[in-house]
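Undergrad: what shape does this take:
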Amino acid sequence: MKTLLSLLVIIAALIAASPVQARNDVLTFPLADVMTSDKAKEALFDVPLYFAGEEHPAVTSSMGEITTSRKTNAFGKSDREACEWVLLSALKVLQDNAQKKGYDAVINIKSNYQHNEFASATEFQCGAGFLMAGVALKGEPVKFAQ
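TA: Now for the predicted structure:
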């Protein structure tokens, strides 16, 4: 009996000590819904954004490619809600950088979650876990021809 109890205690301890598998799903969502939302109108600056493949005016100068990676609390939110919110946060960083340095827009924006580039004019990628969601972006602040 003592042996059985000791064995059960050891098994319980091993189970409790085993590493917990954290969720880190890479999800793809449409851009149109979030970019036309009231949240986007409130959160973003007045700096035009052009995703990879979108046409834009002629470029006269470029700052070169810049990156940003943002995370947000996803607890109690759907993956989509958390991902859309953190996308707006990342886009705002790109816009702020362009605006502070005197550039007109950010072009060629691509998802870059965990350094895996995803270029789309209609979708973005987001990493979603149990407690956090994250978006990483690349973009190019530019000046347009007048």
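
Undergrad: how close does residue 36 sit to residue 44?
TA: 11 Å (Cβ to Cβ, to the nearest Å). Quick note: C-beta positions are derived from backbone N, CA and C, even for glycine.

Undergrad: what of residue 138?
TA: Residue 138 is 18 Å from residue 44, by Cβ to Cβ.

Undergrad: so those two - more neighbours on which side?
TA: Ranked by neighbour count (other Cβ atoms under 10 Å), residue 138 and residue 44 place residue 138 first, with 20 against 17.

Undergrad: residue 65 is in contact with that one, correct?
TA: Yes. Contact criterion Cβ atoms under 8 Å: residue 138 and residue 65 qualify, at 5.5 Å.

Undergrad: just how off-centre is the longest strand seen in the chain within its chain?
TA: As assigned by DSSP state E, the longest strand anywhere in the chain is strand 132-144. Distance of strand 132-144 from its chain centroid, counting by Cα atoms, centre = their mean, to the nearest Å, is 9 Å.

Undergrad: could you dump that strand to CSV, C-alpha only?
TA: What follows is strand 132-144, C-alpha atoms only, in CSV (Å, rounded to 0.1, in the frame of the first residue of the first chain):
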residue,chain,number,x,y,z
MET,A,132,-0.7,37.5,-25.7
ALA,A,133,-1.1,38.4,-29.3
GLY,A,134,1.6,39.9,-31.5
VAL,A,135,2.1,41.5,-34.8
ALA,A,136,5.5,42.3,-36.5
LEU,A,137,5.6,44.5,-39.6
LYS,A,138,8.1,45.8,-42.1
GLY,A,139,7.4,49.0,-44.0
GLU,A,140,9.2,51.7,-46.0
PRO,A,141,8.6,55.4,-45.1
VAL,A,142,8.8,57.4,-48.3
LYS,A,143,8.3,60.9,-49.8
PHE,A,144,6.1,61.1,-52.9
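
Undergrad: all good on my end, thank you.
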